[in-house]
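> Show me how the following folds:
(2 chains, ligands or ions: 2)
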Amino acid sequence: MAAQPEPKPGHRQAGEILLKVENVDLAFGGVRALREVSFEVRRQQIFAIIGPNGAGKSSMLNCINGFYHPNSGTIAYKGAPRKRMRPYQAATQGIARTFQNIALFKGMSTLDNIMTGRHLKAKATLLENAIWFGRAQREEMEHRKFCEGIIDFLEIQQHRKTPVGTLPYGLQKRVELGRALAAEPELLLLDEPMAGMNLEEKQDMARFILDVNDEFGMTICLIEHDMAVVMDLSDHIVVLDHGEKIGEGSPEEVSSNPRVIEAYLGTSEEEGA
Amino acid sequence: MLYRESGQFKTTYAADQAILPIKQDLYFVILAILIAVAIPFFVSNYVIQALLLPFLIYSLAAIGLNILVGYCGQISLGTGGFMAVGAFAAWNLMARIPDMPPLVAFILAGLIAAGAGILFGLPALRIKGFYLAVTTLAAQFFLIWLLQRPWFVGYSPTGVISAQTIEILGWRVDTPVDRYLFALAVLIVMALVAKNLVRSATGRKWMAIRDMDVAAEIIGIRPMITKLKAFAVSSFFVGIAGVLWAYLYLGQLEAEAFDIYTSFDVLFMVIIGGLGSILGSFLGAAFVVIVPILLNVIPGALGLPLGTAMISYIEIFIFGSLIIFFLIVEPHGLARLWSIAKQKLRLWPFPY
Ligand SMILES: Nc1ncnc2c1ncn2[C@@H]1O[C@H](COP(=O)(O)OP(=O)(O)OP(=O)(O)O)[C@@H](O)[C@H]1O
Ligand SMILES: [Mg+2]
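Ligands and ions are numbered 1, 2, ... in the order given. Next up is the predicted model:
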């Protein structure tokens, strides 16, 4: 567990530590969602958190991006342990995420959703926007160009002007990924990016995740239930069960870990695919 | 065949991001402005005074409220109060500061209204929906009460004060036509500003807060500042509308002219016209201004004059049922019906 995993062939060597979670404990009333969880995410890694339902995976992501506040333990990002923070501060530091239940801006188009993801890069003030002059106009064009790149990458060109509320589920998940990518984050948190998708949609999404990681060197921390996908994509896996870390390592190490096998055998029937 | 988008391929993002990317829309707006400029010279002063001026000024107030309610998803029942703040701020600035140019006073008055908007918007950082509605309602009553204090009305015993005359670079805004043109100019400029804001990053942030504030915060939008900006900009618009109402329409200032019914009227315009639409603000204002007049005129012309009480019942009935209809069936209001009509026109005469 302590040893660093062997880099998977074909994947690049993981870099320095980007995120260090140490002894994080989180409780909701009587429920201990996380118990003394520790792990490290390294730059350029595709890092996966797995575990049965209710294991505390989403809660972990919520702690990382400042949505929940751990009762004890520390989270250090880029070497700096941080105090209580608001989610927008996590975004400012370069952490973006998608949600288990899609959290798009339903009344806005695909393009506007993705453009909104870019807002931290926009410097024009309210007054400049009001007269649509100089920086306001220039930035709008730059962002538009950038977002069109994302739209091409995610192959959602024909849905550019569609209100996202009317898009099918699989496409909404893509748009949400697009919105996160628009921020050019250093750490991308994906909460079950493939939940509820058919095989083809899953393959597309897996390809996007690999490409994002490969081409932009973005560090990715994802939660996923589909074991085949997790084993394929990830460099490093942490397994949670009842809020506790019960295993960690490369896909091979994790899949041969007796505790993990036990936890999964206990739930695999309900879990389905 | 009249309304075609096809063939107009955008070759640059700039063209697609233009304020009115479809040519026919641009022509429509230009035509509307030309008509708006010409119309006062062809109609009676009565029409200007009773129909056109209220339409222009209410449109401005509706745009302001729509920014807050339709774009940012916050509710306000304090529109009348903020209009009053604008109007009284302008009067006091001109009455107390010698040689204060009216235009400067008006802009400062808008800023003061924006300040009041920020102040009374602060609760929105903690509360939503019904509770926010109640807070803004309290703001409405408090502001009207405050503006009836003697200091604000220059110690006038009746509480009614007459508006100073507006003179800009030698142009005395006096006759109904003058007042109409002045209101029109202000409205065009400010509608343009509103349109720019809502299509920019600022507008997207408002809409993000409206659609899902949690997700907005996670992509780095600060809910507090974003909401307060919406309150400020909205109240600026509403405050200027209040200035115009006092100086161009009434010719005098009286806090009670901006009572809670004003707030409701503007809210009705926004709901009927279309939440989150600048065009809808115009349509809603037109509707709310015209319906009572039609109710007065049409039955009379048909030889069935209605009593005043009857007219106001019918009015309440029409507005009430329309609001229920739009809130339940079509929250995008008349503006949406308009765009559906355009959609049909786009395909006409081949509906498939
Ligand atoms: N806001 C909250 N309030 C109360 N309890 C919560 C809250 N969020 C999570 N929990 C509890 O914490 C535990 C872990 O939940 P979490 O959502 O993190 O699990 P998960 O691993 O993401 O599960 P799933 O695979 O179903 O998404 C659960 O028992 C859940 O009920
Ligand atoms: Mg979860």
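> what sits against residue 45?
Looking at chain A here, since you left the chain open. A:14-15, A:219-220, A:235-236 (C-beta atoms under 8 Å, 6 or more residues apart in numbering or on different chains). Glycine gets a C-beta too; all of them are placed from N, C-alpha and C.
> try chain B instead
Going by C-beta under 8 Å, 6+ apart, the list of residues near residue B:45 reads B:175-177.
> The contacts of residue A:45: which ones sit near chain B?
Of the residues in these, proximity to chain B by C-beta under 8 Å from any C-beta of the partner chain holds for none.
> List only those of those flagged as buried.
Restricting the contacts of residue A:45 to buried positions leaves A:14, A:219-220, A:235-236, with burial counted as 16 or more other C-beta atoms under 10 Å in any protein chain shown.
> List just the nearest of the residues you listed to ligand 2.
residue A:220 (16.5 Å; C-beta to the ion).
> Phi and psi next, for that closest one.
phi -130, psi 130 (degrees, to the nearest 10).
> Would you confirm that it contacts residue A:188?
Yes - with contact defined as C-beta atoms under 8 Å, residue A:220 and residue A:188 form a contacting pair (4.9 Å).
> so where's chain B uncertain?
Counting by pLDDT under 70, the ranges of chain B that qualify are B:1-12, B:14-15, B:19, B:343, B:345-352.
> Would you pull up the residue in it closest to ligand 1?
Distances between chain B and ligand 1 by C-beta to the nearest ligand atom are smallest at residue B:214, namely 11.6 Å.
> List the buried residues of the helix or strand hosting that residue.
Of the helices and strands defined by DSSP states H and E, residue B:214 is found in helix B:213-218. Of the residues in helix B:213-218, those buried under the neighbour-count criterion (16+ other C-beta under 10 Å) are B:213, B:215-218.
> Please name every helix or strand in contact with that helix.
Here helix B:213-218 is seen to pack against helix A:87-92, helix B:201-211, helix B:223-244 when contacts are counted using 3 or more C-beta pairs under 8 Å, 6 or more residues apart in numbering or on different chains; DSSP states H and E.
> so how far is that helix from its chain's centroid?
Computed by C-alpha atoms, centre = their mean, to the nearest Å, the chain-centroid distance of helix B:213-218 equals 28 Å.
> quick one: low-confidence ranges for the stretch 1-150 of chain A?
Along the stretch 1-150 of chain A, the model assigns pLDDT under 70 to residues A:1-14.
> Show me what from it comes close to ligand 2.
Residues of the stretch 1-150 of chain A lying close to ligand 2 (C-beta under 5 Å from the ion) are A:58, A:100.
> Spell out which parts of the stretch 1-150 of chain A neighbour chain B.
For the stretch 1-150 of chain A, the residues in contact with chain B under the definition C-beta under 8 Å from any C-beta are A:65, A:67, A:86-88, A:90-92, A:96-97, A:99, A:103-108, A:112, A:115-117, A:119-120, A:122, A:124, A:126, A:129-132, A:136-137, A:139-141, A:143-145, A:148.
> How much space separates the closest residue to chain A within the stretch 151-300 of chain B from residue A:120?
Of the residues in the stretch 151-300 of chain B, the one nearest chain A is residue B:220, at a distance of 3.1 Å by C-beta to the nearest C-beta. To residue A:120, residue B:220 is 5 Å away according to C-beta to C-beta, to the nearest Å.
> Residue A:249 now?
Here residue A:249 is placed at a distance of 35 Å from residue A:120 (C-beta to C-beta).
> Tell me which helix or strand comes right after the strand or helix carrying residue A:59.
If you go by DSSP H and E, residue A:59 is part of helix A:57-64. Towards the C-terminus, the helix or strand next in line after helix A:57-64, according to DSSP H and E, is strand A:72-77.
> buried sites along that next one?
Applying 16+ other C-beta under 10 Å to strand A:72-77 flags A:73, A:75, A:77 as buried.
> mind checking how far that strand is from the chain centre?
Average the C-alpha atoms of strand A:72-77, do the same for its chain, and the two points are 18 Å apart (C-alpha atoms, centre = their mean).
> what's that strand in contact with?
A:18-25, A:36-38, A:63-64, A:81-82, A:93, A:95, A:187.
> orientation of that strand relative to helix A:57-64 in degrees?
Angle of strand A:72-77 versus helix A:57-64, following axes from the mean of the first three to the mean of the last three C-alpha atoms, to 10 degrees, is 70 degrees.
> Pull up the pairing partners for the following helix or strand past strand A:72-77, direction included.
Secondary structure here is assigned by DSSP H and E; on that basis, the next helix or strand after strand A:72-77 toward the C-terminus is strand A:80-81. If you go by DSSP bridges, strand A:80-81 pairs up with strand A:72-77 (antiparallel).
> With only the CA atoms kept, save the partner strand in PDB.
This file holds the C-alpha atoms of strand A:72-77, laid out as PDB (Å, rounded to 0.1, in the frame of the first residue of the first chain):
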ATOM      1  CA  SER A  72     -10.700  16.500  11.000                       C
ATOM      2  CA  GLY A  73      -7.800  15.800   8.800                       C
ATOM      3  CA  THR A  74      -6.100  17.900   6.200                       C
ATOM      4  CA  ILE A  75      -6.300  18.400   2.500                       C
ATOM      5  CA  ALA A  76      -3.300  19.900   0.900                       C
ATOM      6  CA  TYR A  77      -3.500  21.100  -2.700                       C
END
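> follow-up on the earlier one: can you pick out the ones from the residues of the stretch 1-150 of chain A next to chain B that are in strands?
Those of the residues of the stretch 1-150 of chain A next to chain B mapping onto strands are A:96-97, per DSSP state E.
> now the residues of the stretch 1-150 of chain A next to chain B: which count as buried?
For the residues of the stretch 1-150 of chain A next to chain B, a burial check counting by 16+ other C-beta under 10 Å picks out A:65, A:67, A:86-88, A:90-91, A:96-97, A:99, A:103-108, A:112, A:115-117, A:119-120, A:122, A:124, A:129-130, A:132, A:136-137, A:139-140, A:143-144, A:148.
> who are the neighbours in contact with the spatially most central residue of chain A?
Ranked by distance to the mean C-alpha position of chain A (C-alpha atoms, centre = their mean), the top residue is residue A:189 at 1.6 Å. Counting by C-beta under 8 Å, 6+ apart, residue A:189 touches A:61, A:64-65, A:95-98, A:221-222.
> if we go to 10 Å?
If you count contacts by C-beta atoms under 10 Å, 6 or more residues apart in numbering or on different chains, residue A:189 has them with A:19, A:41, A:47, A:49, A:58, A:60-62, A:64-65, A:90, A:95-99, A:180, A:219-223, B:218.
> Need the contact partners of the host helix or strand of residue B:172.
Following DSSP H and E, one finds residue B:172 within strand B:171-173. Residues from elsewhere that reach strand B:171-173, judged by C-beta under 10 Å, 6+ apart: B:102, B:165-167, B:178-183, B:247-248.
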